[in-house]
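Chemist: Sequence plus the predicted model coming up.
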Protein chains: 2
Amino acid sequence: MAKEKNYVSEAVMRRMPKYYRYLTDMEKSGIERISSRELSQRMGLTASQIRQDFNCFGGFGQQGYGYNVSELRLEIQKILGLTNTYNVIIAGAGNLGQALANYTGFEKDGFHVKCLFDINPRLIGMSIRGIPIYDIDEMEDYISNNKVDIAAICTPKEKAREAAERVIKSGVRGIWNFAAVDIAAPHHVIVENVHLSDSLYTLSFRMSDE
Amino acid sequence: MAKEKNYVSEAVMRRMPKYYRYLTDMEKSGIERISSRELSQRMGLTASQIRQDFNCFGGFGQQGYGYNVSELRLEIQKILGLTNTYNVIIAGAGNLGQALANYTGFEKDGFHVKCLFDINPRLIGMSIRGIPIYDIDEMEDYISNNKVDIAAICTPKEKAREAAERVIKSGVRGIWNFAAVDIAAPHHVIVENVHLSDSLYTLSFRMSDE
């Protein structure tokens, strides 16, 4: 059976970023080598689970040696597409859009926020960490004239679908959607949702069971 | 087999907020009744999947009638613990903490942000939408003297574990963690993570496969 990413389960796909995060922290701490047992303990997974996950990508590590942290991190970095760089625009320069623009951590992973777009005349012309806020009516032109890989949708819920349609029509291939609506997109466009209210509901759901 | 929430799968648990979101939107649009077929089309699920999900909670709806939107919404609201109210504090009043405090949508669902805590003297004493920012050293006292159900952890990554330990020791039962670390917590404390970088990595992972 082909081990292409298309065939990787949602659960495995959701764990890969976590491996990357742990391995990055370990590398920073100067850890060079880790056994699958120790990795599993740190991550709260079983060693067999980890082996199964890695087998989806051909498997890493050597029997009796464990994993070389830097090498494994690099492999997973490649798998996650993090050896590429991505130009990002943010539709909606409210609190959340500004928070994303202000966060410098994404740049280390190759995600470069180029500009924000908003409808509010008081925000247009301002900048955040040197990142300009433009009129949202200029968004399509900007995308047509610049390489834009990802659009973060941080508009109010009511405007999110329209904003997404506009960036998709202009050629953006990745949507990072923060609005509490589901975005319809053609097959070649990837939509990743951060539904904060869904997350909060999951929390209350689990708390109300205690 | 008992149909307690403890036995509900992660996948079902993750879909319940989505049902609630769709039903809330439908109720607002004046839709009173919906067939399981139409609900499944709107949500991009199969009708059989929906029936299975609802069966985890005893099942809703009537053969041949479908679902009464308001009644179903109320049932799911109860299941999600959203007929209760929750007092929320935010540890970390940076961009993200401020964005959460500024968002009024959570209040409609019964989540009331009472105050923020920060280490930065320039922020302490300020307020956001009337919600005060206090010195983080007062956090334990505040929790001891007030009903606090949920703490949102919006501190830098390096401070997140300590902040979580402090609120847990003071009696908070729910952690909404935005820092890119996993929080260890005793069994009675529920931790819900919003790992933004993991979400971005998932996006790049899926995009790099195209």
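Modeler: Received it, and whenever you're ready, just let me know what you need.
Chemist: Would you map the strands across chain A?
Modeler: A:33-34, A:67-68, A:86-91, A:111-118, A:127-128, A:131-135, A:150-153, A:174-177, A:190-193 (DSSP state E).
Chemist: Which among those is found nearest to B:Leu196?
Modeler: Nearest to B:Leu196 among the strands of chain A is strand A:174-177 (9.1 Å), distances taken as C-beta to C-beta. For glycine as for every other residue, the C-beta is placed from the backbone atoms N, C-alpha and C.
Chemist: Mind giving me the packing neighbours of that closest one?
Modeler: strand A:150-153, helix A:157-169, strand A:190-193, helix B:196-207 (3 or more C-beta pairs under 8 Å, 6 or more residues apart in numbering or on different chains; DSSP states H and E).
Chemist: same thing but at 6 Å, please
Modeler: For strand A:174-177, the elements it packs on are strand A:150-153, strand A:190-193, helix B:196-207, judged by 3 or more C-beta pairs under 6 Å, 6 or more residues apart in numbering or on different chains; DSSP states H and E.
Chemist: is any part of the longest one close to chain A?
Modeler: Yes: shown here: helix B:196-207 in contact with chain A (C-beta under 6 Å from any C-beta of the partner chain) through B:198-199, B:201-207.
Chemist: will you turn those residues into JSON lines that also has pLDDT?
Modeler: Output for the residues of helix B:196-207 next to chain A, formatted as JSON lines (pLDDT from 0 to 100):
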{"residue": "B:Asp198", "pLDDT": "94"}
{"residue": "B:Ser199", "pLDDT": "96"}
{"residue": "B:Tyr201", "pLDDT": "96"}
{"residue": "B:Thr202", "pLDDT": "95"}
{"residue": "B:Leu203", "pLDDT": "96"}
{"residue": "B:Ser204", "pLDDT": "96"}
{"residue": "B:Phe205", "pLDDT": "94"}
{"residue": "B:Arg206", "pLDDT": "93"}
{"residue": "B:Met207", "pLDDT": "94"}
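Chemist: Get me the contact residues on chain A for chain B.
Modeler: Checking chain A against chain B by C-beta under 6 Å from any C-beta, the hits are A:5, A:17, A:80-81, A:95-96, A:99, A:102, A:173-174, A:176, A:190, A:192, A:194, A:198-199, A:201-209.
Chemist: Buried subset of these as a PyMOL selection?
Modeler: Buried residues within those, by 16 or more other C-beta atoms under 10 Å in any protein chain shown, are selected in PyMOL with:
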select buried, chain A and resi 5+17+80+81+95+96+99+173+174+176+190+192+194+198+199+201+202+203+204+205+206+207+208
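Chemist: what sits up against the lowest-mean-pLDDT helix or strand in chain A?
Modeler: Least confident element among the helices and strands of chain A, by mean pLDDT, DSSP states H and E: helix A:47-55 (a mean of 88). The contact list for helix A:47-55 (C-beta atoms under 6 Å, 6 or more residues apart in numbering or on different chains) reads A:12, A:15, A:36-37, A:40, A:60.
Chemist: got the CA positions of it in CSV?
Modeler: Output in CSV follows, covering the C-alpha atoms of helix A:47-55 (Å, rounded to 0.1, in the frame of the first residue of the first chain):
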residue,chain,number,x,y,z
ALA,A,47,6.6,3.0,21.8
SER,A,48,4.6,0.8,19.4
GLN,A,49,2.4,3.8,18.5
ILE,A,50,5.4,5.9,17.6
ARG,A,51,6.9,3.1,15.5
GLN,A,52,3.5,2.7,13.7
ASP,A,53,3.3,6.4,13.1
PHE,A,54,6.8,6.6,11.7
ASN,A,55,6.2,3.5,9.5
